[in-house]
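**Student:** No sequence on hand, only this structure:
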């Protein structure tokens, strides 16, 4: 009986393991690169290397600008911006909330629903940044400063697989 009582904590731990391990596996999956993120600061410095001693290459002043995380090194993330520029940024300046930027040279239509038959709400200029919602059947929910609607996924940088 005494042996059984000393094994009870071990048995309880084994019973909890299935509940804990999926969370750990999920957290590990979130750390895989590449993945999409967005700038989550009013001012964010991109450096030429992963550390504060490296030279600042770019200063971003566009919150929600989408970036692709292509490498991790401690608290530093190597990013690629919509123009293809690459550098390093602290993780504290980034958010997992996805953003998108209108690409191309012409304004795109933001519609009330995810189809060509939905009414046009606004025309959105290239370079406009917003928060990205779910994308289905070639259309993405897009919110730029409270103007919400649906934009064709192909007109946005920050959609699809990173």
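**Tutor:** Everything's here; your move. Values in this document were obtained by computation on a predicted structure and should not be read as measured data. Numbers count the residues shown, from 1 in each chain.

**Student:** So for the residue most central in space within the chain, what pLDDT did the model give?
**Tutor:** The chain has residue 37 as the residue nearest its centroid, 2.4 Å off, counting by CA atoms, centre = their mean. At residue 37, the pLDDT value in this model is 97.

**Student:** In the sheet, which residues pair with it? Tell me.
**Tutor:** On the basis of DSSP bridges, residue 37 is bridged to residue 67.

**Student:** remind me which residues of the protein are low pLDDT?
**Tutor:** Counting by pLDDT under 70, the chain shows low-confidence ranges at 1-31.

**Student:** Break it down into its structural domains.
**Tutor:** Following automatic domain parsing, the chain resolves into domains at 35-97, 100-157.

**Student:** Tell me the spacing between the residue nearest to the centre of the chain and residue 147.
**Tutor:** To residue 147, residue 37 is 23 Å away according to CB to CB, to the nearest Å. Just so you know, the C-beta spots here come from the backbone N, C-alpha and C atoms, and that holds for glycine as well.

**Student:** that older thread, which residues touch the residue nearest to the centre of the chain?
**Tutor:** Shown in contact with residue 37 (CB atoms under 8 Å, 6 or more residues apart in numbering): 66, 67, 68, 69, 77, 79, 94, 95, 96, 98.

**Student:** again, but for residue 115
**Tutor:** Counting by CB under 8 Å, 6+ apart, residue 115 touches residue 139.

**Student:** How about residue 128?
**Tutor:** By CB under 8 Å, 6+ apart, the residues touching residue 128 are 101, 102, 144.

**Student:** For residue 85, state which of these is nearest.
**Tutor:** Nearest to residue 85 among the contacts of residue 128: residue 101, at 13.4 Å, using CB to CB.

**Student:** What are the boundaries of the helices in this protein?
**Tutor:** 2-30 (DSSP state H).

**Student:** Do you have the strands of it handy? List them.
**Tutor:** With DSSP state E, the ranges of strands along the chain come out as 35-39, 44-47, 56-60, 66-73, 76-80, 86-90, 94-95, 99-102, 108-111, 120-124, 129-136, 139-144, 147-152, 156-157.

**Student:** Quickly note the distance from residue 133 to residue 143.
**Tutor:** With distances taken as CB to CB, residue 133 is found 7 Å from residue 143.

**Student:** now residue 120
**Tutor:** 17 Å.
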